[in-house]
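**Student:** Give me a 3D structure for the following:
(2 chains)
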Amino acid sequence: MPLLVLKNLSHIYHSPSGETEALKDITLSVNEHEFVSIVGPSGCGKSTLLSILAGLLEPSSGEVIIGDQKLAEAKDLIALMPQRDQLFEWRNILKNVILSPEIKRNKTPEVIEYAKKLLEKYGLKDFMYKKPSELSGGMRQRAALIRTLVGAPKLLLLDEPFSALDFQTRLAVCDDVANIIAEEKKTAILVTHDISEAISMSTKVVVLTERPARIKTIYNIELDRTIPPLKRREQKSFNVYFRNVWKDLEVSNE
Amino acid sequence: MSEEHKKYLKKIKIHKIVVLIAQIGILLLAFGIWELSAYLEWSDPFITSSPSRVAISLKDLYESGDLWKHAGATLYETIISFLLSTLIGVLIAIALWWSKTLSDILEPYLIVLNSLPKVALGPLIIIWVGAGRGAIITMALLICVIITIISAHTGFNSVDKEKIELLKAMGASKFQILWKLILPSNVPNIISILKINVGLSWVGTIMGEYLVSKEGIGYLLVYGSQVFKLDLVMASTILLCVLATLMYLSVALLEKLINKSFK
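**Tutor:** Next up is the predicted model:
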């Protein structure tokens, strides 16, 4: 049974100057432990889709099912990782990563223990009581990812989480995040405009059309998943996938 | 430590000393010329007073017990209006942040109240509140509170939208967003409002005392100038400088303490 099902999802934005169709008839299912990337021309509605999944927007029509529940009842199963890390500067790293259970009034000793274990496992043990400003960009991103993991969600929503990083860090953090998500056996949906990133990290790449976004093509990516994403870029079929996705985007730009 | 670094440190030290000497020098020079001009009768000390006459005037005030009475009254009014205006202003700003409808409704009124010179309301306030402490505090409060509301509200609204969405995605209530994000991220903003309000509450208090004219440093200033006791006017001005600076420094100290636990 798929973990996430989107059924005929549509969304219309309203503004005083009129209405804009952002999403049209999106139907998609995501299995457990899949890593799905959503790419599309800029401004096509990728982020709208993610906002709906995160429960920030009500879809105009259609349904989102998680497991066997409706989205509104399954909010605890989902965690969002925003574009920039958005760590709170006035909280130390530990207090930052337990933000979600704190909001849900579920800050038990077990949760704190779990948070500490994750920080320790992913090399932030010595930074637990430091303020975010004392961490490097890559470490901050890792802390932001751990913050999404602490609530033990099943589905992670990643909203271009690497876009604020410089290129070198970006590649490293990419590997880092892919590794942590695989290690913790999570399902993830990544929104990005970086084709290489999408192909190298994912099991599935969904290409959207120009606005209103529809699903254009879905690629099942069969790269060797035992090696990190950066290495996957060297595999032969990587280029084939890249060319295809590139062409899809180019055509939809016309 | 390299030679170059030693030289660098020395340069900084010398710069600091030069600045300090110049600062003290200007003060001494100003007071010196002032005293000298009165002594040599370049100017009429009856009009310009002189440091020694100011000192005598301060001593008289101190010995008669009037110094604490007037300084105390002014300080009390300033601190009360400073605290009240900050508290009320921030609370109203929270209400405006909470309800966009409310802030849209009140926007034109805030603009008008902000542009209005609050001093103009002085006579009205005295009639309505009565010529006493209440009127002085109301005056100072009015001067500070509008700008507090506007700056605090702007600060609340400029919190990163993505941070709010992050909390919403975690299922946060509006109160949690306020308590966990809006207020803590606005601590630096609120401190800078405090700094502005220190100055404004002094303006309000002195203006109020001019109008009410019963006690306080503002009263001393008006009284001194009316009976042509310029020594008293100068002494009050200097007293005012000292008190206002002390209050500003205590807010600056508070800022340092908060920043330490905040950053």
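
**Student:** after the helix or strand of chain B with the lowest mean pLDDT, next one along is what?
**Tutor:** Lowest mean confidence among the helices and strands of chain B (mean pLDDT, DSSP states H and E): helix B:45-48, at a mean of 86. Next along the chain after helix B:45-48, taking DSSP states H and E as the criterion, comes helix B:51-64.

**Student:** What are the buried residues along that next one?
**Tutor:** B:51, B:53-54, B:57-58, B:61 (16 or more other C-beta atoms under 10 Å in any protein chain shown). The way it works is simple: take the backbone N, C-alpha and C, and place the C-beta from them, glycine included.

**Student:** May I see the buried residues of the helix or strand encompassing B:K260?
**Tutor:** Under the criterion of DSSP H and E, B:K260 resides in helix B:230-262. Buried residues in helix B:230-262, defined by neighbour count with 16+ other C-beta under 10 Å: B:230-237, B:239-240, B:243-244, B:247, B:251, B:255.

**Student:** What residues of stretch A:241-248 count as buried?
**Tutor:** Across stretch A:241-248, burial judged by 16+ other C-beta under 10 Å covers A:241-242, A:244-245, A:248.

**Student:** For B:T48, list the residues it contacts.
**Tutor:** For B:T48, the contacting residues are B:34, B:37-38, B:230, by C-beta atoms under 8 Å, 6 or more residues apart in numbering or on different chains.

**Student:** how many other residues sit next to A:F127?
**Tutor:** Residues near A:F127, counting by other C-beta atoms under 10 Å in any protein chain shown, number 20.

**Student:** quick one: pLDDT of it?
**Tutor:** Turning to A:F127, the model gives it a pLDDT of 95.

**Student:** Setting aside sequence neighbours, what's the nearest residue to it?
**Tutor:** Closest residue to A:F127 apart from its sequence neighbours, by C-beta to C-beta, 6 or more residues apart in numbering or on different chains: A:I93 at 5.3 Å.

**Student:** Where do the domain boundaries of chain B fall?
**Tutor:** B:3-43, B:50-262 (automatic domain parsing).

**Student:** Ranking the ones you listed by mean neighbour count, which comes first?
**Tutor:** Comparing those by mean neighbour count (mean count of other C-beta atoms under 10 Å in any protein chain shown), domain B:50-262 ranks first with a mean of 18.

**Student:** Sketch out the low-pLDDT regions of chain B for me.
**Tutor:** Residues of chain B that meet the criterion pLDDT under 70 lie in B:262-263.

**Student:** who in it is up against chain A?
**Tutor:** Within chain B, the positions near chain A by C-beta under 8 Å from any C-beta of the partner chain are B:160, B:162-163, B:165-172, B:176, B:180-181, B:184-185, B:187, B:262-263.

**Student:** quick one, strands of the stretch 51-200 of chain A?
**Tutor:** Here the stretch 51-200 of chain A has its strands, by DSSP state E, counting those that start in this stretch, at A:61-66, A:69-70, A:78-81, A:155-159, A:187-191.

**Student:** can you check chain B too?
**Tutor:** Using DSSP state E, chain B contains no strands.

**Student:** The residue nearest to A:F127 reaches A:L135, doesn't it?
**Tutor:** Yes - contact criterion C-beta atoms under 8 Å: A:I93 and A:L135 qualify, at 7.2 Å.

**Student:** With adjacent residues omitted, what lies nearest to B:S151?
**Tutor:** Nearest residue to B:S151, sequence neighbours excluded (C-beta to C-beta, 6+ apart): B:I193, at 5.3 Å.

**Student:** Can you give me the end-to-end span of stretch A:9-27?
**Tutor:** With C-alpha to C-alpha, to the nearest Å applied, stretch A:9-27 spans 7 Å between its terminal residues.

**Student:** That one near chain B anywhere?
**Tutor:** No - contact of stretch A:9-27 with chain B (C-beta under 8 Å from any C-beta) is absent, the minimum separation being 13.9 Å.

**Student:** quick one: contacts of that stretch?
**Tutor:** Residues outside stretch A:9-27 that contact it (C-beta under 8 Å, 6+ apart) are A:6-8, A:45, A:48-49, A:52, A:57, A:59-64, A:211-215.

**Student:** And the buried ones among those residues, selectable in PyMOL?
**Tutor:** Remark: buried members of those, expressed as a PyMOL selection using 16+ other C-beta under 10 Å:
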select buried, chain A and resi 6+45+48+49+52+57+59+60+62+64+211+212+213+214+215
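
**Student:** of the contacts of stretch A:9-27, list those near chain B.
**Tutor:** Within the contacts of stretch A:9-27, nothing lies near chain B by C-beta under 8 Å from any C-beta.

**Student:** any idea where the helices of chain B begin and end?
**Tutor:** Assigned by DSSP state H, chain B shows helices spanning B:3-39, B:45-48, B:51-64, B:66-98, B:100-115, B:122-129, B:133-157, B:161-169, B:174-177, B:183-185, B:187-212, B:217-226, B:230-262.

**Student:** Can you list the low-confidence ranges for chain A?
**Tutor:** Scanning chain A for pLDDT under 70 picks out A:252-254.

**Student:** So which residues on it come close to chain B?
**Tutor:** Residues of chain A lying close to chain B (C-beta under 8 Å from any C-beta) are A:51, A:54-56, A:75-76, A:78-80, A:82-84, A:86, A:88-90, A:99-100, A:102-104, A:131, A:133, A:151, A:157.

**Student:** same thing but 6 Å
**Tutor:** A:54, A:56, A:75, A:80, A:82, A:86, A:90, A:100, A:103 (C-beta under 6 Å from any C-beta of the partner chain).

**Student:** What distance do you get for the fifth one to B:K229?
**Tutor:** If you measure A:P82 against B:K229 using C-beta to C-beta, to the nearest Å, the figure is 66 Å.

**Student:** What distance do you get for B:M207 to B:P117?
**Tutor:** If you go by C-beta to C-beta, the gap between B:M207 and B:P117 works out to 10 Å.

**Student:** Same question for B:I238.
**Tutor:** According to C-beta to C-beta, B:I238 stands 27 Å off from B:P117.

**Student:** For chain A, give me its nearest residue in the stretch 1-150 of chain B.
**Tutor:** Closest contact between the stretch 1-150 of chain B and chain A, by C-beta to the nearest C-beta, is at B:D104 (13.9 Å).

**Student:** that older thread, could the domains of chain B go into a markdown table alongside distance to A:N31?
**Tutor:** Shown next, in a markdown table, are those (distance: least, C-beta to C-beta, whole Å):
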| stretch | distance to A:N31 |
| --- | --- |
| domain B:3-43 | 61 |
| domain B:50-262 | 23 |
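
**Student:** With respect to A:E222, which of those domains lies nearest?
**Tutor:** Checking the domains of chain B against A:E222 by C-beta to C-beta gives domain B:50-262 as the closest, at 32.1 Å.

**Student:** Isn't B:F31 up against B:S49?
**Tutor:** No - under the criterion of C-beta atoms under 6 Å, B:F31 is not in contact with B:S49, lying 11.7 Å apart.

**Student:** hmm, back to that, for the least confident helix or strand of chain B, could you pull out the residues that count as buried?
**Tutor:** For helix B:45-48, a neighbour-count test (16+ other C-beta under 10 Å) marks B:P45 as buried.

**Student:** From the chain's centroid, how far away is that helix?
**Tutor:** 30 Å (C-alpha atoms, centre = their mean, to the nearest Å).

**Student:** Ok, stretch A:18-29 next?
**Tutor:** 19 Å.

**Student:** Quick check: buried residues in it?
**Tutor:** Buried-residue list, stretch A:18-29, by 16+ other C-beta under 10 Å: A:22-24, A:26, A:28.

**Student:** mind putting those residues in a markdown table, distance to A:K125 included?
**Tutor:** Formatted as a markdown table, those follow (distance: C-beta to C-beta, whole Å):
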| residue | distance to A:K125 |
| --- | --- |
| A:A22 | 43 |
| A:L23 | 42 |
| A:K24 | 47 |
| A:I26 | 41 |
| A:L28 | 38 |
